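Student: everything below, folded, please.
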Amino acid sequence: MGEFVDGVLTRLQEQFQLDSIAEALGVLAASLVVGMAVFAAFYLVWRLLDLVLRSIIKRSSRIDETSASFLKTALKFLVLTLGVVQALAATGIDTGAVVASLGLAGLTIGFAARDALSNLISGILIFWDRPFVIGDLVEVEGHYGRVDQITLRSTRVVTVDGKMLAVPNTTIINSTVTSYTNFPHLRLDVAVTVDVSENLDHVRRILLALVRKQDGFMTEPPPRMVVTALNDYNTEVMLQAWIEDEREHIKMRFELRERIFEALNEAGINMPYETIQLAPVEVRQVG
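Tutor: Coordinates of the predicted model:
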């Protein structure tokens with residue numbers, strides 16, 4: 001029985017060269033271990049660089065949060081890409097051939113991933129052009145909120161109702177972006193409609209009294225009321241007042257509208273609204 005087993009093993013060894021396979025698997029396992037160790041070393045380097053960057057950013061007043069985010073993203077991509085290349089080289093793979101293959105494959109992938117590449121390029125343009133920075137209040141595609149993060153693919157905006165919007169960078173580059181924090185102050189415009197028979201000077205005194213010497217409103221430039229439209233049955237006016245903190249403009253606009261409504265009602269100012277009057281129609285039967 002023992003001779004039979006030895007014979008079978010001998011035949012298998014001759015047929016499949018088991019020693020060579022075992023040796024090859026051993027070499028492959030060792031190469032994989034070395035490759036993973038090399039990549040782990042590069043990952044550790046990235047973590048250390050990240051800690052150093054965080055420390056430098058905290059101490060430096062010249063590097064804002066937007067620049068810091070972009071630098072960390074670019075550095076992470078560079079270090080980890082080098083880590084992958086070196087890990088492949090450590091396993092015995094010809095990295096030159098791999099890079100050449102990736103170059104050819106990149107052309108094919110590029111056609112299939114035009115949007116992703118466009119977002120990447122747009123992200124770089126946003127960083128250099130800097131229409132806004134992290135923490136700014138912006139309005140994009142009808143959505144208003146605070147810029148929370150700028151990545152190479154998208155810009156994250158947190159809306160006033162707590163939603164997180166990931167706006168593709170291409171959309172931002174190709175659309176109009178309204179920034180509410182590029183300048184230190186902001187003007188509130190609140191439209192009001194009064195009856196055509198009302199005294200506009202009286203209305204002006206009431207409206208201006210609501211914002212003069214009030215907390216949050218500026219005295220220079222002074223607030224004013226302007227007439228925006230003269231209609232058949234009403235007059236449209238607008239109260240314009242500058243506020244000190246542009247981040248409070250939504251809250252202050254809502255509060256000011258309510259105060260305007262209460263003040264005009266208390267003063268007996270008529271604020272007409274459109275009405276539709278339905279009159280009965282007499283139907284006569286013919287014949």
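Student: report the buried residues of the helix or strand containing residue 226.
Tutor: Element membership of residue 226, judged by DSSP states H and E, is strand 224-230. Going by neighbour count (16 or more other Cβ atoms under 10 Å), the buried part of strand 224-230 is residue 225. The C-beta positions use only the backbone N, C-alpha and C, and glycine is treated the same way.
Student: again with stretch 208-219
Tutor: 210-211, 214, 216-218.
Student: next up, the contacts around residue 123.
Tutor: Neighbouring residues of residue 123 by Cβ atoms under 8 Å, 6 or more residues apart in numbering: 150-154, 169.
Student: at 10 Å instead, please
Tutor: 70, 73, 150-155, 168-170, 172-173 (Cβ atoms under 10 Å, 6 or more residues apart in numbering).
Student: and of those, the nearest to residue 129?
Tutor: Nearest to residue 129 among the contacts of residue 123 is residue 173, at 8.6 Å by Cβ to Cβ.
Student: could you pull out the strands for the stretch 51-200 of the chain?
Tutor: Using DSSP state E, counting those that start in this stretch, the strands of the stretch 51-200 of the chain run over 137-140, 143-150, 154-159, 164-168, 177-179, 186-195.
Student: for the chain, which segments count as helices?
Tutor: Remark: helices assigned in the chain by DSSP state H are 2-16, 18-59, 65-90, 95-112, 114-129, 169-173, 200-211, 249-266.
Student: hang on, the earlier thing: now tabulate the buried residues of stretch 208-219 in TSV and tack on distance to residue 51.
Tutor: Formatted as TSV, the buried residues of stretch 208-219 follow (distance: Cβ to Cβ, whole Å):
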residue	distance to residue 51
210	52
211	49
214	48
216	41
217	45
218	44
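Student: ranked by average pLDDT, which of the helices of the chain falls at the bottom?
Tutor: Of all the helices of the chain, helix 2-16 carries the lowest average pLDDT, namely a mean of 51.
Student: any weak-confidence spans in the stretch 151-287 of the chain?
Tutor: Scanning the stretch 151-287 of the chain for pLDDT under 70 picks out 273-279, 281-287.
Student: measure residue 233 to residue 271 for me?
Tutor: Distance, residue 233 to residue 271, using Cβ to Cβ, to the nearest Å: 12 Å.
Student: with adjacent residues omitted, what lies nearest to residue 152?
Tutor: Once flanking residues are discounted, residue 152 sits nearest to residue 123: 4.1 Å by Cβ to Cβ, 6 or more residues apart in numbering.
Student: try residue 197
Tutor: Closest residue to residue 197 apart from its sequence neighbours, by Cβ to Cβ, 6+ apart: residue 270 at 7.6 Å.
Student: wait, doesn't that neighbour sit right on residue 199?
Tutor: No. Residue 270 lies out of contact with residue 199 (Cβ atoms under 10 Å); the separation is 11.3 Å.
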